[in-house]
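> Below are the sequence and a predicted model; questions follow.
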Amino acid sequence: MSVVARWAREAKLDDPTRLELYSKLSEIRQFEQRAYDLFLQNLVAGTSHLSLGQEAVAAGFAQAMRDDDFTFCTYRGHAHTLVRGASMTGLMAELLGRSNGILAGKGGSMHLTSVENYAMGSYAIVGSHLPIAAGAAWAAQERGTGQVSVCFFGDGTTNIGAFHEALNLAAVWKLPVVFVCENNLYMEYTPIASVTAVEHPGADRAAAYGLESLIVDGNDVDEVYGIATTYLERARDGGGPALIEAKTYRKGGHSRADPAKYRPPQEVESWLARDPIILYRSRLLELGVEEKTLDDIDSEVLTAVDRATEEAKAAPPADEELIHADVWADGGSRWRN
Amino acid sequence: MAEKTLVQTIHDTLFDEMKRDDRVLVLGEDVGARGGVFRVTMGFLDEFGPERVIDTPLDECLIAGVSIGMAVDGLRPVAEMQFADFIFPAFNQIVQEAARIRYRSNGDFGCPLVIRTPYGGGVHGALYHSQSIEAFFAHVPGLKVVAPSAPEDAKGMLIQAIEDEDPVIFLEHKKCYRSIKGEVPDDRYRTPFGKAVVRREGTDLTVVSYGLMHHYAVEAAERLAGDGIDTEVIDLRSIYPLDMETVLGSVGKTSKVMIVYEDNKFLGAGAEVAAQIAERALFELDAPVVRIGGAHIPAMPYAGSLESAFLPTADTLEQEIRKLAEY
């Protein structure tokens, strides 16, 4: 166990922080489950990628981030956008292609963005957002805002050129950016180990850019929060970038069309036994938190998810007129001399 | 002769070609154990083994670059880009390297490479799973760009692509994969590139199209036949090389022409067709050339309502064809 991980486990977090972490986990879990139910009812079109099983990474980082720190994430981005404070109704409505969606129906599941919450977009092209996150960090450094850019991506990204390009530049320029590899062991349908030269696709590459090799238990929200706090602070204080590999696991498939039958049953079983919500709930109970307190959080979240679902379903489909809106800075689509 | 879907035809043809020629191999993301996200290479790994059915890292630049290396060294790689929208990290390899190897080596060696990729919209794929990419690549001399819309053509053109001595971008419309069925001959045949096909003969006007839009054009033409509008419908099948002779022959007969494509209208493949008609047949025309294309916006939006507003439909085409016929 790394020094940081040990710190996290032994840390005496105050109760409100712990409950906020639990609340974030619960929000993601219940939002994603509802999203899945809505797929099954054919209310969500196209494809979608859920964070069920990976909640602790998004929750731990969001808890540690300053309100104006940047989030850059991937097409598996519901969780990361939600925990930055984006409107739950807006997100749900976006999945349903409704006019009250957070992007008015233009983006859908894979492209969620909430600039007012500094959630700078979910990127559907693997690797695309790493240089962008580095650029935002450079701007923050240049302007002296103290903001840190946090960039989430999957294990598959570590084999694409843009990953290496961004890490190198971030290290050379000592940028305030924290790269977070969510290693769920599968690059879509292919085991990451079968296409990668090293055991730890993120951490084992860190040395090439003069960075520490950092691995965290991505299913343990305390540990994620601990390592996030440490390296966000370091980046904010001019200590430069970090690359953190969070080991985690999808509860289900890559996308909604994928039953994930290719995963060995023992592997699935051992990971699901370490479900981040169950894990954290039992820890809080051990620490003396009342069961009722946690149940109340869950039911408050459920009420919010229900409300978001109803408000999304009640709204009309995205307005066809919008198709030509916002192509150019004047809000329109006409090209002028 | 058997009736097959487009995706089944591509699967069967590729399978047979790999059986026939052990220089042919497939590589791409999830093409092996998964059989591809659209299942084009389903069962290939069991039949041909991991040396010829290669699960690569998620890195399109690498997929293209490695394929080029295999091709120049005597193999016949058929690379898959999981979605056409993901091809852009490989743009440099394809445009700067694959397209130029023959030219810059003064003909000493070429790059017999096929890049297959699902493209096009209408499946709620939103901004990064719906794009049409043909215009980017058809612009580059050294690349062939084909987009068969009928299963029979998909078979003949895939065989042609694999046997072709030059790099071929082989576009498969993902909405057609399972929605389009057709009779596919059992024998092995090649469908040459640069030959359009007149899918429906008519005398009043010509509609030139390819891909999903071709099926919509045929549907619209059939509906209008009842109203006495007799539409000739051409499937280009190949964007480059482009068969203008078939188009000009038809325009000479009907004197009115509409070009339909779902890519952005501005500088899309239809712009080239229209320009060549203007250059070579202007005085044959009884009406201005009409182009129907996708909306001029950066990408296809997600919501069903917005997606329909982007894509021309059989209804849109019916209205537009009627308008042109009455001009």
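Yep, it's here. Note that the structure is predicted; figures quoted are calculated from it, not measured.
> List the contacts of the spatially most central residue of chain A.
Central residue of chain A (C-alpha atoms, centre = their mean): A:His80, 3.4 Å from the mean position. With contact set as C-beta atoms under 8 Å, 6 or more residues apart in numbering or on different chains, A:His80 has these partners: A:Ser51, A:Ala58, A:Ala62, A:Thr71, A:Cys73, A:Ala119, A:Ser122, A:Phe152. Backbone N, C-alpha and C define where each C-beta goes, glycine included.
> The spatially closest residue to it that is not a sequence neighbour - how many residues pack around it?
Nearest non-adjacent residue to A:His80, counting by C-beta to C-beta, 6 or more residues apart in numbering or on different chains: A:Cys73, 4.0 Å away. By the criterion of other C-beta atoms under 10 Å in any protein chain shown, A:Cys73 has 28 neighbours.
> Then A:Val198?
Neighbour count of A:Val198, defined by other C-beta under 10 Å: 11.
> Looking at it now. What's its pLDDT?
With respect to pLDDT, A:Val198 has a value of 98.
> and what of the one 10 residues further on?
In this model, A:Ala208 is scored at 98, pLDDT.
> Is it correct that it falls within a helix?
Yes - under DSSP: H, G, I helix; E, B strand; the rest coil, A:Ala208 falls within a helix.
> What is the burial count for it?
Using other C-beta under 10 Å, A:Ala208 is surrounded by 11 other residues.
> now it: how far from A:Ser299?
Applying C-beta to C-beta, to the nearest Å, the value for A:Ala208 to A:Ser299 is 48 Å.
> Return the set of buried residues in the lowest-mean-pLDDT helix or strand in chain B.
Lowest on mean pLDDT, DSSP states H and E among the helices and strands of chain B sits helix B:101-104, with a mean of 92. The neighbour-count check on helix B:101-104 (16 or more other C-beta atoms under 10 Å in any protein chain shown) flags B:Ile101, B:Arg102 as buried.
> Looks to me like the residue nearest to A:His80 is in a strand.
Yes - assessed with three-state DSSP, A:Cys73 lies in a strand.
> looking at it, it is touching A:Ser122, isn't it?
Yes - under the criterion of C-beta atoms under 8 Å, A:Cys73 makes contact with A:Ser122 at 5.3 Å.
> quick one, what contacts A:Ser333?
Applying C-beta under 8 Å, 6+ apart to A:Ser333 gives the contacts A:His324, A:Ala325, A:Val327, B:His296, B:Ile297.
> which residues sit in contact with the second one?
Right, A:Ala325. Taking C-beta under 8 Å, 6+ apart as the criterion, A:Ala325 is in contact with A:Gly331, A:Gly332, A:Ser333.
> 10 Å instead, please
Contacts for A:Ala325 (C-beta atoms under 10 Å, 6 or more residues apart in numbering or on different chains) come out as A:Ala104, A:Lys106, A:Asp319, A:Gly331, A:Gly332, A:Ser333, B:Ile297.
> I'd like the residues you listed written out as TSV, with secondary structure and distance to A:Tyr186 added.
Listed next are the contacts of A:Ala325 as TSV, based on DSSP: H, G, I helix; E, B strand; the rest coil; distance: C-beta to C-beta, whole Å:
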residue	secondary structure	distance to A:Tyr186
A:Ala104	coil	33
A:Lys106	coil	29
A:Asp319	coil	38
A:Gly331	coil	41
A:Gly332	coil	43
A:Ser333	coil	40
B:Ile297	coil	34
